[in-house]
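Student: sequence unknown, structure follows:
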């Protein structure tokens, strides 16, 4: 198994893994991006994300997609957006290898925190993260406003 930085040529496989994650999380219709979006957003003049891929016999079997954030308390941080391993490759160490690569990247970049979200029903992942030394913050809620909510807010609240 090889862990390496992703390239534009890998984005078809990356998108397939993103869709596999959406299916796993019971949101099969949630993925709106395409390969061109990934190439533009990850490999343009100001990349919005970075990705490590796990490759076995020239097949991409897992990804760890991340980006940098800024905490007003901590400074530069890494946000691990997605850690995905093909179902047939789970239990082979690919997930651990990708996870390790993200943590090593955080150390290399001297960030003060690496963070990510995990669904409350994904107990195997929660157990893994806690055993690795990560803290699962159970007293925080993730808050989001989707595109429809943004549009409604702007149209109803800001046009007055």
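Tutor: Done, it's in. Since the model is a prediction, treat every value here as computed from it, not as a measurement.
Student: please make it C-alpha for all contacts and neighbour counts, starting now.
Tutor: Fine.
Student: what does the top strand by length along the chain rub up against?
Tutor: For the chain, the strand that runs over the most residues, judged by DSSP state E, is strand 59-71. If you take CA atoms under 8 Å, 6 or more residues apart in numbering as the criterion, strand 59-71 is touched by 10, 13-14, 17, 48-55, 76-86, 89, 94-95, 98-99, 102.
Student: next one: stretch 134-141
Tutor: So stretch 134-141 is contacted by 126, 129, 130 (CA under 8 Å, 6+ apart).
Student: got it, and stretch 22-34?
Tutor: Against stretch 22-34 from outside (CA under 8 Å, 6+ apart): 15, 18, 19.
Student: among the residues you listed, name the ones in strands.
Tutor: Going by DSSP E, the strands hold none of the contacts of stretch 22-34.
Student: would you turn these into CSV with neighbour count?
Tutor: Formatted as CSV, the contacts of stretch 22-34 follow (neighbours: other CA atoms under 10 Å):
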residue, neighbour count
15, 18
18, 21
19, 20
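Student: same list (those) but as CSV, adding pLDDT and distance to residue 41.
Tutor: Listed next are the contacts of stretch 22-34 as CSV, based on pLDDT from 0 to 100; distance: CA to CA, whole Å:
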residue, pLDDT, distance to residue 41
15, 98, 13
18, 98, 15
19, 98, 17
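Student: helices of this structure, residue ranges please.
Tutor: 11-24, 35-43, 94-108, 123-131, 147-157 (DSSP state H).
Student: you'd agree residue 53 is up against residue 98?
Tutor: Yes: counting by CA atoms under 8 Å, residue 53 touches residue 98, with 7.4 Å between them.
Student: which one's more surrounded, these two?
Tutor: residue 53 (28 against 25; other CA atoms under 10 Å).
Student: how many other residues sit next to the closest residue to that one other than its chain neighbours?
Tutor: Of all residues not flanking residue 53 in the chain, residue 63 sits nearest, at 4.5 Å (CA to CA, 6 or more residues apart in numbering). Residues within reach of residue 63, counting by other CA under 10 Å, total 29.
Student: with residue 56 instead?
Tutor: 14.
Student: ok, the closest residue to it other than its chain neighbours - contacts?
Tutor: With sequence-adjacent residues excluded and distances taken as CA to CA, 6+ apart, residue 56 is closest to residue 1, at 4.9 Å. Contacts for residue 1 (CA under 8 Å, 6+ apart) come out as 54, 55, 56, 57, 94.
Student: buried members of the residues you listed into PyMOL, please.
Tutor: To isolate the buried ones among these in PyMOL, judged by 16 or more other CA atoms under 10 Å, type:
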select buried, resi 54+55+94
